[in-house]
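A.B. asks: coords please:
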Amino acid sequence: MLHHVRPQRFDRFQPNRLLEVTPRFFEGTIRRLRRSKVDLISLDEMHRRLTTGDFPRRRFVCVTFDDGYRDNFEFAYPVLKKYEVPFTIYVATSFADRIGELWWLALEAVVAQNEMIGVLIDGRDRWFECRSVTDKREVFDYLYVWLRGLQTEAELRQAVRELCARHHVDMAAFCADLCMGWDELERFAADPLLTIGAHTVNHPILTKLDDKAVRAELSASRDVIEAALGTRLAHLAYPVGDRSAAGAREFRIARELGFKTAVTTRPGVVFSQHAEHLMALPRISLNGNFQRARYAKVLLSGAATGLWNGFRRLNVA
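C.D. replies: Predicted coordinates for the structure are as follows:
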């Protein structure tokens, strides 16, 4: 699982750094995988292997990107093309429409650009001093946890909008600057190496929505992408994707809507037993905070996620 692949930024305050890796690290990882005894395959081939039980002795890797960032085309695609690696990009359709809200980046910008931040919390103004990098990290973490803890997605979005308006941050600019539009995606999708997947319309935390809204987010995103790109979608990634953002209800709705696979962000590797849980597949994150070959080697071995999961093969509840 990846998000951004782009040159290193040297700002001292980068709370979202875990979502980006450098082109050099990315190519090194792909090169090592291509040289090792690992099959680099598409999601359709993974689905075939799981559903037919046709498992070769060699392990396999599927490369996936969430959201639809332009740097996927600029910096990741040349590497994938060079090594002939199939890959998937899960597209949030409001991002491609350039009207999406990348609220976690907006929050970073608010904290980065201000020494004092005012936030309406529980009906009263709270003020946070964030002059130093240490202060900024603490304030960002506090506000991020507070936002994630709000009961509904509407409350979360409204709180970020108010924060941006008060501190003069243009949240819409992040989408326009960073995400591919439909014309770019259409040219990109012409390459048979690429599989386009659904990633909802508005990138919400699905557990904060009711059943009808969840179903609409999943089905509408698939329908919009199919209409825009003329390709039938079979694969889904849940936004945020951890246990707090996607669970049994979301897995059930994705299955009822006919997706072949759906991926979470729960850490783990795929076993043959996942054939019975295709709507709850784990992934391994290439984390921007740990861009060393030895870290990638441990992650891709499955050892780290095995420890994380208490050596259970399935984490699908």
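A.B. asks: which residues in the protein form strands?
C.D. replies: 4-5, 20-21, 38-40, 59-61, 63-67, 87-91, 116-121, 124-129, 194-198, 235-237, 261-267, 281-283 (DSSP state E).
A.B. asks: can I get those in CSV with mean neighbour count?
C.D. replies: For the C-beta atoms, the positions are set from N, CA and C on the backbone; glycine is no exception. Below are those laid out as CSV (neighbours: other Cβ atoms under 10 Å):
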stretch, mean neighbour count
strand 4-5, 24
strand 20-21, 26
strand 38-40, 16
strand 59-61, 17
strand 63-67, 24
strand 87-91, 26
strand 116-121, 15
strand 124-129, 11
strand 194-198, 24
strand 235-237, 26
strand 261-267, 23
strand 281-283, 23
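A.B. asks: Nearest to residue 182, out of those strands?
C.D. replies: strand 87-91 (9.5 Å; Cβ to Cβ).
A.B. asks: Parallel or antiparallel, which strands does that closest one pair with?
C.D. replies: According to DSSP bridges, strand 87-91 forms sheet pairs with strand 63-67 (parallel), strand 194-198 (parallel).
A.B. asks: Report the distance from it to the chain centre.
C.D. replies: Relative to the chain's own centre, strand 87-91 is displaced by 10 Å; criterion: Cα atoms, centre = their mean, to the nearest Å.
A.B. asks: Please export the C-alpha coordinates of that strand as PDB.
C.D. replies: The C-alpha trace of strand 87-91 is given here as PDB (Å, rounded to 0.1, in the frame of the first residue of the first chain):
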ATOM      1  CA  PHE A  87      -0.400  -2.100 -10.200                       C
ATOM      2  CA  THR A  88      -3.700  -0.600  -9.000                       C
ATOM      3  CA  ILE A  89      -4.800   2.900  -8.200                       C
ATOM      4  CA  TYR A  90      -7.900   3.300  -6.100                       C
ATOM      5  CA  VAL A  91      -9.600   6.600  -7.100                       C
END
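A.B. asks: Number the residues from 176 up from this point.
C.D. replies: That works, and once the first residue is 176, the last one we named lands at strand 262-266.
A.B. asks: quick one on the thing from earlier: next, format the strands of the chain as JSON lines and append mean pLDDT.
C.D. replies: Shown next, in JSON lines, are these (pLDDT from 0 to 100):
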{"stretch": "strand 179-180", "mean pLDDT": "98"}
{"stretch": "strand 195-196", "mean pLDDT": "97"}
{"stretch": "strand 213-215", "mean pLDDT": "94"}
{"stretch": "strand 234-236", "mean pLDDT": "94"}
{"stretch": "strand 238-242", "mean pLDDT": "98"}
{"stretch": "strand 262-266", "mean pLDDT": "98"}
{"stretch": "strand 291-296", "mean pLDDT": "94"}
{"stretch": "strand 299-304", "mean pLDDT": "95"}
{"stretch": "strand 369-373", "mean pLDDT": "98"}
{"stretch": "strand 410-412", "mean pLDDT": "98"}
{"stretch": "strand 436-442", "mean pLDDT": "97"}
{"stretch": "strand 456-458", "mean pLDDT": "97"}
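A.B. asks: Understood, closing this out.
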